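S.K.: 3D model of this:
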Amino acid sequence: MITHLKTISIAFVCVILMGCELYPQDEFEEDYVVESYLVANRTLPQVRISKTVPVDQEYNYRDAAVNDANVEVRLMDQSGEEVEQQFQYGRQSDGVYVTNSPHKVLPQREYQLHVTFSNSDKEVLGTTFVPGDFRSENMSGDTVPYQDPEQVTINTTKSFYPGRQSFFIFTVEALEPEEEDLTPFYADQVDNDAEVNDFYSNSSGIINEENYEENEDGTLTLRLPWLAVAFYEENYIIASAIDDNMYDFYRTQDVQGGGSTLPPGELQNVIYNLEGGIGVFGSMASDTVRVFFSRNQ
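M.R.: Numbers count the residues shown, from 1 in each chain. Take a look at the predicted model:
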């Protein structure tokens, strides 16, 4: 299984750099930044911890990294009230913490993040509910003409999330990204000084209920936006069901990045769902199909 979401980390750095715009204030206040994404049925992920920097200061992750953190991820019991297992993390490199535990993330379970610091009494707390596992039931190995009028559709089983519908994000990842295989829109971007490697992995926006239909057999039909396809030929299409934390971050960050017609005074701040810091402690369930996009003759 392949699970890859490229856009969050890149967008996240942009949010850090724009911190003073997101939180208007007379003086800059340093804050802890946490970033970690659990994936159902995969081993526990790394946790990245850093600090914000003033908007007029050049951002360098190594300089902003926090190296004195005490990091723990906790699996909660079915009630969500008691800790069932605890996983201790150690620093691997600047601001990057990992665990040696072979534990695989359980779908439909709650996990907590607890971070303290050796030289501060502050702590960062986060909670995520891992979406239910699902599987794709068609398309693997298919050949699809680029921008076919029928659009690319993927049938999946349902992913459970308490209290709401499932929200999906598509990631299209080229197996062998070559400049001559770029689709027209992205070829134009490279001509305008972008790099080919900037597009080898593209993520869609959030796919909500209006973008998929429920079939008689209980599966969902998801429609892939063509804008997510940057390369012809062999690609992986990764469908990811996301938790509330990733959903809130994506939709509010998109608004900050210009994805809204609201005037600046009415823009909602980015939602982080963390106590004691900013960032994302989120989770997802993913499945992958392999598709060949042919040139439309």
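
S.K.: Residue 155 - how many residues pack around it?
M.R.: 16 (other CB atoms under 10 Å). Quick note: C-beta positions are derived from backbone N, CA and C, even for glycine.

S.K.: ah, wrong one, I meant residue 90
M.R.: Residue 90 sits with 10 neighbouring residues when counted by other CB under 10 Å.

S.K.: what's the answer for residue 75, then?
M.R.: 18.

S.K.: cool, and residue 100?
M.R.: Neighbours around residue 100, by other CB under 10 Å: 9.

S.K.: wait, what's in contact with it?
M.R.: Applying CB atoms under 8 Å, 6 or more residues apart in numbering, we find residue 100 in contact with residue 90.

S.K.: That one and residue 91, how far apart?
M.R.: 13 Å (CB to CB, to the nearest Å).

S.K.: One more: residue 225?
M.R.: Counting by CB to CB, the separation of residue 225 from residue 91 is 39 Å.

S.K.: Show me the strands in the stretch 51-200 of the chain, by range?
M.R.: Listed in chain order, the strands of the stretch 51-200 of the chain (DSSP state E, counting those that start in this stretch) span 69-76, 83-88, 90-93, 96-98, 110-117, 120-129, 143-145, 152-156, 168-174.

S.K.: Pick the most buried one from those strands.
M.R.: Most buried of those, by mean neighbour count (mean count of other CB atoms under 10 Å): strand 168-174, with a mean of 23.

S.K.: Residue 155 contacts residue 216, doesn't it?
M.R.: No - with contact defined as CB atoms under 8 Å, residue 155 does not count as touching residue 216 (11.6 Å).

S.K.: pretty sure residue 286 contacts residue 105?
M.R.: No - checked against CB under 8 Å, the pair residue 286 and residue 105 is beyond contact range at 11.2 Å.

S.K.: These two: who's more crowded?
M.R.: Ranked by neighbour count (other CB under 10 Å), residue 286 and residue 105 place residue 286 first, with 26 against 22.
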